[in-house]
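Undergrad: Give the three-dimensional model of this entry:
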Amino acid sequence: MSFKVCSSAFKDGGYLPAWYSSSGLNASPPFGWAEEPKGTESLSMICSSSQSKVLWVLWNIPNTRKTVYGRLPEKRDLSEGMCQGVNDILGTGWTGPVEKLPDLSLTFTLYALDTVLRIQEAEVTAALLESAMKGHILGVATISCIYS
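TA: The predicted structure is shown next:
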């Protein structure tokens, strides 16, 4: 078996419901995972679009969890030590797609890490998170969807 991520909001390769878009409720989608690599201490998520926009930066998901519920609050510090960064729309947390565009796809990448990250910066971007994760990634799982 291999590390995998899934969502109850959409199937891999399926359509993202409008509920999760900026024109809808702008709710972060729920996701879960299984078969994370041995030695995983925390997990991180980056969601990016086919337009090279980062929509979500989330890290320090405890290794004791198997899911992250949807509709997370738009703030940096969450329960259980989880944190959200700044997306490319300059919001903290999830910002869903703004408008339906032909062939717009989103990729959610989940990283299994061998550590809990100690990031001090107030505004954490995907690039900063990727830098902090270097040398700590045990596994990567992805799921994609379409919003058009």
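
Undergrad: Look up which helix or strand the residue sitting nearest the centre point of the chain falls in, please.
TA: For the chain, Met45 is the residue whose C-alpha lies nearest the centre (CA atoms, centre = their mean; 3.3 Å). Taking DSSP states H and E as the definition, one finds Met45 inside strand 42-49.

Undergrad: which strands and helices sit next to that strand?
TA: Other helices and strands packing on strand 42-49, by 3 or more CB pairs under 8 Å, 6 or more residues apart in numbering; DSSP states H and E, are strand 54-62, strand 105-113, helix 126-133. For the C-beta atoms, the positions are set from N, CA and C on the backbone; glycine is no exception.

Undergrad: Give me the contact list for that strand.
TA: Residues outside strand 42-49 that contact it (CB atoms under 8 Å, 6 or more residues apart in numbering): 31, 33, 36, 54-63, 68, 94, 97, 104-113, 115-117, 126, 129-130, 133.

Undergrad: re earlier: just the helices and strands packed on strand 42-49: most buried one?
TA: Mean neighbours per residue, mean count of other CB atoms under 10 Å, is largest over the helices and strands packed on strand 42-49 for strand 54-62, with a mean of 23.

Undergrad: tell me the strands in the chain, going along the chain?
TA: 4-6, 14-15, 31-34, 42-49, 54-62, 67-68, 83-84, 105-113, 137-146 (DSSP state E).

Undergrad: distance of Val57 from Ala126?
TA: 5 Å (CB to CB, to the nearest Å).

Undergrad: Which residues are in contact with each of these two?
TA: What both Val57 and Ala126 touch, as defined by CB under 8 Å, 6+ apart, is the set 46, 85, 87.
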